Each structure stands twice: as C-alpha cells, then as structure tokens.
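Engineer: Pasting the sequence and the predicted model now:
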Amino acid sequence: MRGARARLRAEHEARAWLAWHVEALHRCRSLPSFRSFLGGRTGPGAPQPAAEMQAMFDTVATAWARGPGPRG
C-alpha cells in the first residue's frame, strides 16, 4: 500500500507542477527561450577525473554484488 500511496502522491505532484507552470507561462507577456525555461547547465561541464569515475564504478559493482537489501 505504501508504494501505491507514493505513486499517487508523485502523480498528484506532477499534475500540480504542470498546472502551475501552464498558468505561469500563460501569464507571461513573452515566452522564455526553451533553454532558459528548462534550466540546468549552460555549457559542457568539466570532465570527471578518472579516479572519481573508478570510485563510482567500484561503489556500483560492490552494491550489485551485495544484491538487493531488505524491503519495506
């Protein structure tokens, strides 16, 4: 039941976000550019160092080898 409740809450929040943004854009005199509306990075980021990438791979490999944890 917790999963269904979480799904319903997420769906509701997604619809509320959509409704808010539709109305906010409707009230704008001119629409923002698509890139500025989406936000996020404005250009390419710095490459990830090899040591950091290897640490992330090792972490994921360890987690996968351990298997799924307890549920609930």
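Structural biologist: Here it is on my side, so go on.

Engineer: CA atoms for contacts and neighbours, from now on please.
Structural biologist: Noted.

Engineer: So which residues of this protein form strands?
Structural biologist: Applying DSSP state E to the chain gives no strands.

Engineer: Point out where it drops to low pLDDT.
Structural biologist: Filtered on pLDDT under 70, the chain yields the residue ranges 40-43, 67-72.

Engineer: 80 instead?
Structural biologist: 34-45, 66-72 (pLDDT under 80).

Engineer: Could you name the residue of it that is farthest from its center?
Structural biologist: For the chain, the largest distance from the centre (Cα atoms, centre = their mean) belongs to residue 29, which lies 29.0 Å off.

Engineer: can you pull the contacts of it?
Structural biologist: Shown in contact with residue 29 (Cα atoms under 8 Å, 6 or more residues apart in numbering): no residues.

Engineer: Please report how far it lies from residue 2.
Structural biologist: Distance of residue 29 to residue 2, given as Cα to Cα, to the nearest Å: 43 Å.

Engineer: I'd like the distance from stretch 13-22 to the chain centre, please.
Structural biologist: 16 Å (Cα atoms, centre = their mean, to the nearest Å).

Engineer: Name the residues that touch that stretch?
Structural biologist: Applying Cα under 8 Å, 6+ apart, stretch 13-22 turns out to have no external contacts.

Engineer: Can you show me the CA trace of it as PDB?
Structural biologist: Output in PDB follows, covering the C-alpha atoms of stretch 13-22 (Å, rounded to 0.1, in the frame of the first residue of the first chain):
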ATOM      1  CA  GLU A  13       2.600  16.500  -7.500                       C
ATOM      2  CA  ALA A  14       3.500  16.100 -11.200                       C
ATOM      3  CA  ARG A  15       0.000  17.400 -12.200                       C
ATOM      4  CA  ALA A  16       0.300  20.300  -9.700                       C
ATOM      5  CA  TRP A  17       3.700  21.200 -11.200                       C
ATOM      6  CA  LEU A  18       2.300  21.100 -14.700                       C
ATOM      7  CA  ALA A  19      -0.800  23.200 -13.800                       C
ATOM      8  CA  TRP A  20       1.300  25.800 -12.100                       C
ATOM      9  CA  HIS A  21       3.700  26.100 -15.000                       C
ATOM     10  CA  VAL A  22       1.000  26.200 -17.600                       C
END
